[in-house]
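> predicted model and sequence follow; I will ask about them next.
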Amino acid sequence: MKNIRFSDVTITGGFWKTRQDINRQTTLRAVYERFRETGRFEALRCGWKEGDPNPPHVFWDSDVAKWMEGAAYCLRTQPDEGIAAILEETIDCILQHQDENGYFNSHFLVMEQDKRFRDRNCHELYCAGHWFEAAVAYYEMTGKERFLRAMCRYADYIERVFRQEHSAGFITPGHPEIELALMRLYRATGEKRYAALAQYFIDQHGQHPAQDRMGQDWIKEPFNQDEVPLRERTTAEGHAVRALYLLCGAADVAEEYGDTALEQTCRRLFENVVGQRMYITGGVGSTYLGEAFTVDYDLPNRTAYAETCASIAMAMFAGRMQRFGADSRYGDIVETVLYNGILSGVSMDGKSFFYENPLAVDPAFNHVNTSTTMEERFPITQRLEVFECSCCPPNILRFVASVGGYAYGMDDDTVYVHQYMDSVLDTDGIRLTQRTVYPQNGTVSVQYQGEKRRLAFRIPGWCRRFTLDRAYTLENGYAYVPVEGDAAVTLELDMPVRLVAANPRVHADAGRVAVMRGPVVYCAEGVDNGADLAAVAVDIQGQFRLLDSEWLLPRLETTAFRPQPTANLYPDAAAVAYEPFPLTLIPYYAFANRGETEMQVWLLRGRPVYSG
Ligand code: ZN
């Protein structure tokens, strides 16, 4: 199955139209301004001198490139002369300072001329990959070729240095990204050498006793995906974004070459992540130490790392897995991260961002003695407008702007509706109009115009009951409906509020439940519910009321119980009285938009005995 290019899909209304509008009207400019103020655009002029402020950092290029990619997508939705001019000017800068041999990196061109491709941990290939992605996006959105051609020269140079001359100081990238980017470059240009180079990098991981020719042996670690060849890997290890970007590249390569062994590797690791190592929000990376996966079922809530980029990478990986055959489990994971772990990374107004996305916030206990934070630390409790390491904000920008690309898929006789978004698909003589306010409710109306085909609707794993107004067959979580000419189909997905438990191996969630409605995880905040949310028990027999909210989706109200305050550190358990109160829950993605406050996704399951 092929995924459909996002440019064939127009988001026309509903939840994602609102989010895309905020993304284009606010996030696009906000991220640009922060990057401009911090010198990231200026760095591309390659004029930095000793003593100047803002020395170009080794991965600044990737920040700008992701912004450019997102900007290009936004331009397709709505022309914007100012943004178009910034893009042109930035491309001018890059082309002007690009080395004759094709190399471009604003740090190494200026600060460490003699150290190009010497240090594996310096993100050069990662930055190159993001330049390639930006160039492909710009080409696909505008039809202009000059940036793409320039980046092809860079790719040719990388091929020479890494694959032909073996003259670089290392063999594989410390931070994967170039693999999937080379596959995009290949698909945009048809140049098979780029696919072959992606395959080469994927296969070289973990193959060399000393990955780093400069003698930095520590770099051969799970952190960099190099302790074992990818094909032999049985668990997802190391830095979560690195692991998942590598798997995205591997899935692309496996599909391109019909490499079933590599496909099996991707399937095996997907199962490990979603079966043992993923938060209910779709977030991954259980610890900030190495920004990494830890061990199966280790999913602490307060210290969850769950980087926004890792959630985005999860969607990218699951989206690619869909191409190996229709199975709703992949679309389910895309949906989980879409509505939870990705969107929590940006504030409702689109201006500020989370790097880490914890599932519990307890501000009163965050300011511990710093000597204890050598090993453990707590995530920040409020979003920031800019980070030293600012990978997440532009990643959100490009992701939300291109989210339509996840909605549909196609093969010879079937159009797949993977995600429910109010949208129009226009491709290959097909016009499909989807009308829905999903996930406000589960009603989806589709109007199909085109040749005789099947429409395949993903029935989400969370959905226990659905109706279709036409005959269908069900297979691997998709409902198949034959259509021809001009056809209308309506799908109704029952979307009751559900209480979800965690596997008993997840000790952090023992005795607790999470509240979900459809794909959306809910949370309780202190600003609505008072303090000590960790001690609050939700009534598992309680009813839920759906109430209007300012968060795009309804807030929920139900009954919960809380222990009465006590001055005693260890009171007699029998003496603790519980009192009922109305508990307000809001979508997890909307937490931390009203000042610093407690937050809890996993609530104690009650009903405890209470007096009163
Ligand atoms: Zn990030």
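Now that the structure is in, tell me what you want to look at. Residues are numbered from 1 along each chain as shown.
> for Pro460, see how far away Leu468 is.
Between Leu468 and Pro460 the distance, using Cβ to Cβ, to the nearest Å, works out to 14 Å. For glycine as for every other residue, the C-beta is placed from the backbone atoms N, C-alpha and C.
> try Phe170
43 Å.
> repeat for Asp412
25 Å.
> which of Phe170 and Pro460 has more neighbours?
Phe170 (25 against 22; other Cβ atoms under 10 Å).
> so for stretch 400-414, mean pLDDT?
In this model, stretch 400-414 has a mean pLDDT of 95.
> whoops, stretch 169-178 was the one
If you average the pLDDT over stretch 169-178, you get 92.
> just the endpoints, please. Distance across that stretch?
17 Å (Cα to Cα, to the nearest Å).
> next: stretch 99-113.
The straight-line separation of the ends of stretch 99-113 (Cα to Cα) is 11 Å.
> may I see the buried residues of that stretch?
Under the neighbour-count criterion of 16 or more other Cβ atoms under 10 Å, stretch 99-113 has Gly102, Tyr103, Phe104, Asn105, Ser106, His107, Phe108, Leu109, Val110, Met111 buried.
> which stretches in the stretch 301-450 of the chain count as helices?
308-321, 328-336, 392-401 (DSSP state H, counting those that start in this stretch).
> what's in contact with the shortest one?
By that I understand helix 328-336. Helix 328-336 is contacted by residues 270, 274, 278, 280-282, 314-315, 318-319, 321-322, 406, 418-419, 458-462, 476-478, 519 when judged by Cβ atoms under 8 Å, 6 or more residues apart in numbering.
> Three-state assignment for the nearest residue to Tyr472 once chain neighbours are set aside, please.
Spatial nearest neighbour of Tyr472, excluding adjacent residues (Cβ to Cβ, 6 or more residues apart in numbering): Ala479 at 4.4 Å. Three-state assignment for Ala479 (DSSP: H, G, I helix; E, B strand; the rest coil): strand.
> which residues does Ala479 bridge with?
Phe457, Leu474 (DSSP bridges).
> contacts made by the strand or helix carrying Leu197 with the rest, please.
Assigned by DSSP states H and E, Leu197 falls within helix 192-204. For helix 192-204, contacts defined as Cβ under 8 Å, 6+ apart pick out 155-156, 158-159, 162-163, 171-173, 176, 178-180, 182-183, 185-186, 229-231, 246, 249-250, 252-253, 256-257, 262.
> run the last query once more with 6 Å
Outside helix 192-204, the residues that touch it by Cβ atoms under 6 Å, 6 or more residues apart in numbering are 155, 159, 163, 171-172, 179, 182-183, 185-186, 249-250, 253, 256.
> chain center to that helix: distance?
24 Å (Cα atoms, centre = their mean, to the nearest Å).
> got it, and stretch 226-233?
Its chain's C-alpha centre and that of stretch 226-233 lie 24 Å apart, by Cα atoms, centre = their mean.
> now do the helices in this structure.
In the chain, the helices defined using DSSP state H lie at 14-22, 28-37, 60-77, 81-97, 124-142, 146-158, 178-189, 192-204, 240-257, 260-272, 308-321, 328-336, 392-401, 526-529.
> would you turn these into CSV with mean neighbour count?
CSV is the format used below for these (neighbours: other Cβ atoms under 10 Å):
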stretch, mean neighbour count
helix 14-22, 19
helix 28-37, 20
helix 60-77, 25
helix 81-97, 15
helix 124-142, 25
helix 146-158, 20
helix 178-189, 25
helix 192-204, 20
helix 240-257, 26
helix 260-272, 17
helix 308-321, 26
helix 328-336, 24
helix 392-401, 28
helix 526-529, 18
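> need those in TSV (columns: distance to Thr427).
TSV is the format used below for the helices of the chain (distance: least, Cβ to Cβ, whole Å):
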stretch	distance to Thr427
helix 14-22	18
helix 28-37	26
helix 60-77	15
helix 81-97	25
helix 124-142	14
helix 146-158	22
helix 178-189	16
helix 192-204	23
helix 240-257	19
helix 260-272	25
helix 308-321	17
helix 328-336	18
helix 392-401	19
helix 526-529	44
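> would CSV of the ones you listed with distance to the ion be doable?
CSV is the format used below for those (distance: least, Cβ to the ion, whole Å):
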stretch, distance to the ion
helix 14-22, 19
helix 28-37, 13
helix 60-77, 10
helix 81-97, 21
helix 124-142, 12
helix 146-158, 22
helix 178-189, 16
helix 192-204, 21
helix 240-257, 7
helix 260-272, 20
helix 308-321, 3
helix 328-336, 19
helix 392-401, 4
helix 526-529, 27
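> from the contacts of helix 328-336, keep the buried residues only.
Burial by neighbour count, 16+ other Cβ under 10 Å: within those this picks out 270, 274, 278, 280-282, 314-315, 318-319, 321-322, 406, 418-419, 458-460, 462, 477-478, 519.
> at the contact with the ion, which residues of the chain appear?
For the chain, the contact set with the ion under Cβ under 5 Å from the ion comprises Glu307, Cys309, Cys391, Cys392.
> excluding chain neighbours, what is closest to the first one?
Using Cβ to Cβ, 6+ apart and skipping the chain neighbours, the partner closest in space to Glu307 is Gly285 (5.6 Å).
> go on, the last one?
The shortest distance from Cys392 to any non-neighbouring residue, by Cβ to Cβ, 6+ apart, is to Thr308 (4.0 Å).
> thanks again, I'm all set now.
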